[in-house]
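> Following is a predicted model, sequence given first.
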Amino acid sequence: MADKQQQVVVKRARHKSSVKDPGTPGVLKLTKDRFTFMPNDPSSPVKHNVEFRTIKGHKFTKDGTKQALLNLTQDQGGNYIFEFENFPDRNVCKDFVASAIALSGEAGRTVPEKSAVPIQDEQLSAAEMERRIKLLQEDSDLQKLHKQFVIGGILSEAEFWATRKKLLEQNYSRRPKQRVALKNDMWSTKPLADGQSNRVTFNLTPEIILQIFAEKPAVRQAYLNFVPNKMTEKEFWTKYSRAEYLHSTKNVIAAAAEAAEDEELAVFLKQDDMLVNEARKKIRQVDPTLDMEADEGDDYMHLPIQDHGLPRNDNKDVLDSQYEPYRRSFSQHLNQHAAVVLQGRVIDVELGDTRSVAEALARTKHAELAKDASDVYLDKERLERISRMTEIEDLQAPRDPAVAPLSIKDPRDYFDSQQANAFSTLGDTVSGAKQLKCSVSTREAYCSLKECISEIKFQGLTEPTINSEVAFKVLNGLAQNISSNKYHLGRNPNESVLDSLPKITREELLLHWSSIQELLKHFWSSYPITTKYLLTKATKLKDAMSQIYPKLQEIKESVQSDLRHQVSLLVQPMLQALDAAFAHYDADVQNRSARSGERPNGF
Amino acid sequence: MKFQIEDVTVYFPYDNIYPEQYAYMVELKRALDAKGHCLLEMPTGTGKTIALLSLITSYALSKPSNPIKFIYCTRTVHEMEKTLSELKLLHNYQLQHLGPAAKILALGLSSRKNLCINPTVVSAENRDSVDAACRKLTASWVRELAAENPRIPTCSFFENYEKSASEAILPPGVYTLQDLRAYGKLKGWCPYFLARHMVQLANVVVYSYQYLLDPKVAGIISKEMQRESVVVFDEAHNIDNVCIEALSVSVRMQTLEGATRNINRMSQEIDRFKATDAGRLRAEYNRLVEGLALRGDLPASDAWLANPALPNDILKEAVPGNIRRAEHFLSVLRRLVQYIRGRLQTENVEKEGPVAFVASVNTQAGIDQKMLRFCYDRLHSLMLTLEISDTDEFLHIQTICDFATLVGTYTRGFSIIIEPFDERMPHIPDPVLQLCCHDASLAIKPVFERFQSVVITSGTLSPIDLYPRLLNFNPVVSRSFTMSLTRDCICPMVLTRGSDQLPVSTKYDLRSDPGVEKNYGKLLLEMVSVVPDGIVCFFVSYSYMDGIVNSWHETGLLKEIMQHKLVFIETQDVVETTLALDNYRKACDCGRGAVFFSVARGKVAEGIDFDRHYGRLVIMFGVPFQYTLSRILLARLEYLRDTFQIKEGDFLTFDALRQAAQCVGRVIRSKADYGMMIFADKRYSRHDKRSKLPGWILSHLRDAHLNLSTDMAAHIAREGIKEEGSQMIIKVAVLDLSIACDST
């Protein structure tokens, strides 16, 4: 009916807050990813601009009924009701909306068309939604699973995410986005000279310009002052390059002579006063335990010649003091460079535009210095740091482990592999294992480990503590195990058995493995069955698993004989895990029917 | 923990104690009991400072009837801060266990520059200008004037402090410089003068060496310390050098020009006073006739640096008649400056003793020895009379008078060396006259005499029998402790060959060899790719470091190094170096990793710790010998040979190796720490050099590690880090478990 090629649909409609509402007349405009509603009366507050992404579904009245309505339900529970002048208009919009919703669902989250389980739809905030979408976009495996089960109707949206709370929370704490650091690469001032002519070429890229601006505030300032009023950008950089060239020749006198003739050039050649001022400000913030500048205050011996026999010959090549400002040491440059790299990319500006880069840098610098002046918090932190530093750690009873949490994106990646192993071997006892007390607090875990260690210490008095070789071997063994598990999972593409398999088989295996994992997780978590809902869920899961089961068999048989053994080794634990689940299910059903015989009321 | 050493209950703020700390305390206590001096060497990384602090404070607590004062001298201000924060920790612990009885007053003392809180004064650039700016606001004559004329600026903090008079005291506690400033701000009192005043009453005083060793400073600050004091010189391996420097003066052309300007200015002032207030000059003359060089009690704000000669050697006589009159004194100074200028015109290097010099001054300028000796005090008196407050302008004439007083006072242990140019740059005339002291025992003698116990301690005092000879004292206890280790927390290696198997060295003939430079660069490159976190490199001099870093830059080696870590470098500008260090630490903290290039004998090597992740590896490029062609050094060597029968070679090696040991010792702070040390020079493999290293390094130096090449060293480093890393893994595993427990 609707033209699929149509990109925009504009129709007259009334927006109604409820079906009874007379509504606000206006224009509804639908595009591929959003719809907007503009009321005819511009002063009316009823304006809408909504993305289809947030629209979960649409309802409409039948052709020929009293009103031509279209109701778009938002996932937060809100809805938009539009009344059209006639049904054909409505139908065009309806079809467009349907395709748009489907489209946006494909891109991010797919709309669960029919909620298979009668579970209350969660009230999700837009932020929550966004987080989920983002997670799905970042992790293609997750997306696959999501598609398979949620869209496939085996799991509900809520169920799917319930097991991933941690993942969501982690993202919730909103880590600062990782930024690309600056390259630790000094712009080597070595000019490219082509042997024949006297021309020397310098190459400047936006990246280099950013670096120059960050490292040399005076150049940045000069740029802001000179360009474009006094000279063009090109002239500016030519001049700068000239100055660099003079420095690279290390001819202080020539530099001074040129600077005397050209005051703009002099800006580049002289020492950077802004840096000096900045340093003076920064020095007040420095940790007093390494503030060497303070020593000068106590140095009453005016003895420049000798520093415990260290010859200070560098200030001996005394030239006239007029050249002093033109001397620039490589070390200074080195320190400044490293400091800038350490600070990282402080601005978020497109690199192409030189001027905005310069301005942004100047702004951040300014703000930073202003902040420094009056930061009590910094002071406190510094003091804390010093007191922490003074303590001799191994004489002290350990404090709270002073460590930063590791940034493991998904700890399950690491631990589930072992758990899954445990599943496959433990088989039926798994439900028992689940009751293990797992909620040990960090503190408790730490304490118990500490106890163990001190015990070892105590017993180890007679003979030296653990033999480091043995410890190393054990750890190695453990790590080995982990990594082998890893490749069991196939996540590690390096030198694993999987590599030898044909690509299709491998991918299929991986897919099955992760879906089995997901299903099993939900399956076991629905035991013990206490409600009808859980029962249906378990049944559904079991059915889904039993569908995979023959597929696995198929894979096993489909591969060539030389690989068959390895594949069966891979498939075996999966099958075992499934078998265990089936067995448990059957036993449970039997139990249940036996019991329900006694108690017809069910649960 | 709390324990007994004989009759003293020692309060130690940690749950455990290293055996050598205990042994150290026992020895220290014996020395205190015997009221004698002692010499103790204990490796770095064994908690020497806290052992010292806790024993001495506990000792003082145990003898409340006869309280001893504790004077702790550090080399640098930042060490002072470190010591005070350790003391804070200890004090809190003692308060917990003893209650108010444990209350003590402990404070650090530094110059106005580090203590002043008056924003107009402290913004001045260096110490001298801060001092002068302070004097301009607080000198007695300025305040008298200000009392009449309110438009003359004074310092509100100083006025408030003066107003509160006897109430202005610090409550008990431990005060770092920062705390003093904060307290001063709170009360509106000048922290500097408050601290100066409280030093007399405090139980523990932490300040710089120079406040005791330099007679100029000691004369005003430490004059009234009681005999029942324990004086500790920590990190004292260089104490002989500090002693020598305290009594050395150098005069250049600029000094003479400045001095001439100063004299002219003073003579103008004299003329002005003659016209307006002649009585003042007469009063000064009368006072001098009565035999008082200085007016008895000066207000603290007027006090200038004291006499450069040692207290016992200052003549207690009336100022000679011919310099009592101000203008006569000025003409004496003029003649002296003229004479020195004449001496600087020389074409050749000249060296003579003080006696010959004084004789020649006498014959050529007509200034006798006694006049020379009084120069300093006479100048001081004149400047007070002339009410000169911008003392920073008068440093030059002060230097001349320092020189005159010293040369007039001492006849042995000094020599005067005049060099027309620097040995290495003969084409640039840069004449300098140096009065250098050779005898370290001179400056420290009054300290040994005045105080009942003096403790000299450091991580490197090997060979320990040399120090009593150099400083000329008899310790009641002299011991060297070794480190008890449950694991190898240091891993020293001697690297003799580069990656191409050619020898590496900073010996003169090999020094600028591009092959050696390349090999050193390759070594560093290997190491930065293997070792995590911080790496420190020490070079033998600034010029060598600049040269080699530049050549690494040109050959692209530096670029490759920077692929792995950030690079920071020590410069002669302390502000810059401090910021570089701060950034270095930040880089190590955030896991980026960094390399710090530094200079042996430099300021960083002297007092900055590179413990834990701030220094997993230290590389000593070369043997840090002194510049052996220096005349001053040669003169000192000669003096040592003649007086103490110490061979030149022995002394030079001893000196170089103590510096090297000091440098590498920076990487370890406690036994939980781990650090590797590479001595990169073929000369370290020789027994006569190596054996001068302190025992705690030698005991870890395996025979297999004595003659390594770059690849072997890299292999050892890799293995070492791995082994150390496996211990780290345990830590990480603990962490992982905790995460796991959280997530399930």
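Received, thanks. Numbers count the residues shown, from 1 in each chain, chains lettered A, B, ... in the order given.
> Which positions in the stretch 1-150 of chain B make contact with chain A?
Residues of the stretch 1-150 of chain B lying close to chain A by CB under 8 Å from any CB of the partner chain are B:14-18, B:47, B:50, B:76-79, B:81-82, B:85-86, B:88-89, B:110-114, B:126-127, B:130. Where C-beta positions appear, they are placed from N, C-alpha and C, glycine not excepted.
> Please enumerate the strands of the stretch 351-500 of chain B.
Taking DSSP state E, counting those that start in this stretch, the strands of the stretch 351-500 of chain B run over residues B:414-421, B:429-437, B:453-458, B:477-480, B:490-497.
> Export these to a markdown table and append columns for mean pLDDT.
Listed next are these as a markdown table, based on pLDDT from 0 to 100:
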| stretch | mean pLDDT |
| --- | --- |
| strand B:414-421 | 90 |
| strand B:429-437 | 89 |
| strand B:453-458 | 93 |
| strand B:477-480 | 91 |
| strand B:490-497 | 92 |
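> thinking again about what came up before, can you tell me which of the residues of the stretch 1-150 of chain B next to chain A are buried?
By neighbour count, with 16 or more other CB atoms under 10 Å in any protein chain shown, the residues of the stretch 1-150 of chain B next to chain A hold B:14, B:17-18, B:47, B:50, B:76-79, B:81-82, B:85-86, B:88-89, B:110-114, B:127, B:130 as buried.
> Mind checking which of the residues you listed are in helices?
Judged by DSSP state H, those include B:50, B:77-79, B:81-82, B:85-86, B:88-89, B:112-114, B:127, B:130 as members of helices.
> Name the nearest residue to B:Ile548, ignoring sequence neighbours.
Once flanking residues are discounted, B:Ile548 sits nearest to B:Glu517: 5.3 Å by CB to CB, 6 or more residues apart in numbering or on different chains.
> helices and strands of chain A: which one has the lowest mean pLDDT?
Scoring the helices and strands of chain A by mean pLDDT, DSSP states H and E places helix A:430-433 at the bottom, with a mean of 38.
> List the buried residues for stretch B:701-721?
B:701, B:705-706, B:708-710, B:713-714, B:716-717, B:720-721.
> again with stretch B:95-106
For stretch B:95-106, by 16+ other CB under 10 Å, it's B:95, B:102, B:104-106.
> Please produce JSON lines containing those, extended by distance to B:Ile428 and pLDDT.
Below are the buried residues of stretch B:95-106 laid out as JSON lines (distance: CB to CB, whole Å; pLDDT from 0 to 100):
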{"residue": "B:Leu95", "distance to B:Ile428": "61", "pLDDT": "92"}
{"residue": "B:Ala102", "distance to B:Ile428": "61", "pLDDT": "85"}
{"residue": "B:Ile104", "distance to B:Ile428": "55", "pLDDT": "90"}
{"residue": "B:Leu105", "distance to B:Ile428": "53", "pLDDT": "93"}
{"residue": "B:Ala106", "distance to B:Ile428": "50", "pLDDT": "94"}
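> these two touch, right, B:Val332 and B:Arg325?
No: between B:Val332 and B:Arg325 there is no contact under CB atoms under 8 Å: 10.2 Å.
> what about the two, which has more around it?
Using other CB atoms under 10 Å in any protein chain shown as the criterion, B:Val332 and B:Arg325 rank with B:Val332 on top: 22 against 16.
> List the contacts of the more buried one.
Applying CB atoms under 8 Å, 6 or more residues apart in numbering or on different chains, we find B:Val332 in contact with B:322-323, B:367, B:371, B:375.
> Try it again at 10 Å.
B:320, B:322-323, B:365-367, B:371-372, B:374-375, B:378, B:404 (CB atoms under 10 Å, 6 or more residues apart in numbering or on different chains).
> what's the helix or strand for it?
Using DSSP states H and E, the element containing B:Val332 is helix B:326-344.
> pLDDT of that helix, averaged?
Per-residue pLDDT over helix B:326-344 has a mean of 93.
> If you compare the directions of it and strand B:414-421, what angle comes out?
60 degrees (axes from the mean of the first three to the mean of the last three CA atoms, to 10 degrees).
> Bridged to A:Asn49, which residues?
A:Thr36 (DSSP bridges).
> ok, now how distant is it from chain B?
Between A:Asn49 and chain B the distance is 40 Å, computed by CB to the nearest CB, to the nearest Å.
> So the residue nearest to B:Ile548 lies in a helix, does it not?
Yes: B:Glu517 forms part of a helix when assessed by DSSP: H, G, I helix; E, B strand; the rest coil.
> Surely it is in contact with B:His553?
No: look at B:Glu517 against B:His553 with CB atoms under 10 Å: they stay out of range, at 11.3 Å.
> Determine the number of other residues adjacent to the nearest residue to B:Gly36 once chain neighbours are set aside.
Leaving aside its chain neighbours, B:Gly36 sits nearest to B:Val476 (3.2 Å; criterion: CB to CB, 6+ apart). Close neighbours of B:Val476, defined as other CB under 10 Å, add up to 16.
> In contact with B:Val476, which residues?
Applying CB under 10 Å, 6+ apart to B:Val476 gives the contacts B:27, B:30-39, B:453.
> Export these as CSV, with columns for distance to B:Thr496 and neighbour count.
Shown next, in CSV, are these (distance: CB to CB, whole Å; neighbours: other CB atoms under 10 Å in any protein chain shown):
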residue, distance to B:Thr496, neighbour count
B:Glu27, 38, 21
B:Arg30, 43, 16
B:Ala31, 41, 22
B:Leu32, 46, 23
B:Asp33, 48, 14
B:Ala34, 46, 13
B:Lys35, 49, 14
B:Gly36, 44, 17
B:His37, 41, 23
B:Cys38, 38, 21
B:Leu39, 34, 25
B:Ser453, 44, 24
